[in-house]
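S.K.: Fold the stuff below for me.
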Amino acid sequence: MDLTLLKSELTYKYVRSSGSGGQHVNKVSSKAELYFDLHNSAVFNDDEKQKLSEFFNKRLTKENILILACDESRSQFRNKALVTQRFIALIEEGLKEEKIRIPTRIPRGVKKKRLKNKRINADKKANRKPPELE
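M.R.: Numbers count the residues shown, from 1 in each chain. Reported below is the predicted structural model:
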């Protein structure tokens, strides 16, 4: 995956942040919104696009555009860096290959120990009963 090519496909938009901040918040657009068009991307092949589409199924718009936003910082530059970092982490997580689980056998000693403890417990409870008189 070529990060420089991927970053060149990103589009940013800056809007006013919500929340408190006094008079300054009404003048400055510090919230960074990142837009990424998944299906028109040249970075990924068709299989990777399909995998990412399934990974982002709830986050994509109807036009298959991923939108991420960040307004954690008062700095527009810092918010842009944070949202880009978050986007790259999501892409890497979406492309990660699942490990194939190899089922293992339960060791013989573990089975014997379980049955032994079960037998001890059964004997303990059997000894609690009053003896049967004939």
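S.K.: The residue positioned nearest the centre of the chain in helix, strand or coil?
M.R.: Nearest residue to the geometric centre of the chain (Cα atoms, centre = their mean): residue 93, 6.6 Å. The local conformation at residue 93, judged by DSSP: H, G, I helix; E, B strand; the rest coil, is helix.
S.K.: swap in residue 12?
M.R.: Applying three-state DSSP: residue 12 is strand.
S.K.: Show the backbone phi and psi for the closest residue to residue 1 other than its chain neighbours.
M.R.: Nearest in space to residue 1, with sequence neighbours left out and distances taken as Cβ to Cβ, 6 or more residues apart in numbering, is residue 43 at 6.5 Å. C-beta coordinates here come from the backbone N, C-alpha and C atoms, glycine included. The phi/psi pair for residue 43 (degrees, to the nearest 10) reads phi -80, psi -40.
S.K.: residues in contact with residue 43?
M.R.: The neighbours of residue 43, taking Cβ atoms under 8 Å, 6 or more residues apart in numbering as the test, are 1-2, 5-6, 9.
S.K.: Which of those residues scores worst on pLDDT?
M.R.: Lowest pLDDT of these: residue 1, 72.
S.K.: what about it, how many neighbours?
M.R.: When neighbours are counted by other Cβ atoms under 10 Å, residue 1 registers 11.
S.K.: Going along the chain, name the strands of the chain.
M.R.: 11-15, 31-37, 65-70 (DSSP state E).
S.K.: what residues are up against the residue nearest to the centre of the chain?
M.R.: Taking Cβ under 8 Å, 6+ apart, one finds residue 55 in contact with residue 93.
S.K.: Kindly provide the distance from residue 16 to residue 70.
M.R.: The gap separating residue 16 from residue 70 is 14 Å, by Cβ to Cβ, to the nearest Å.
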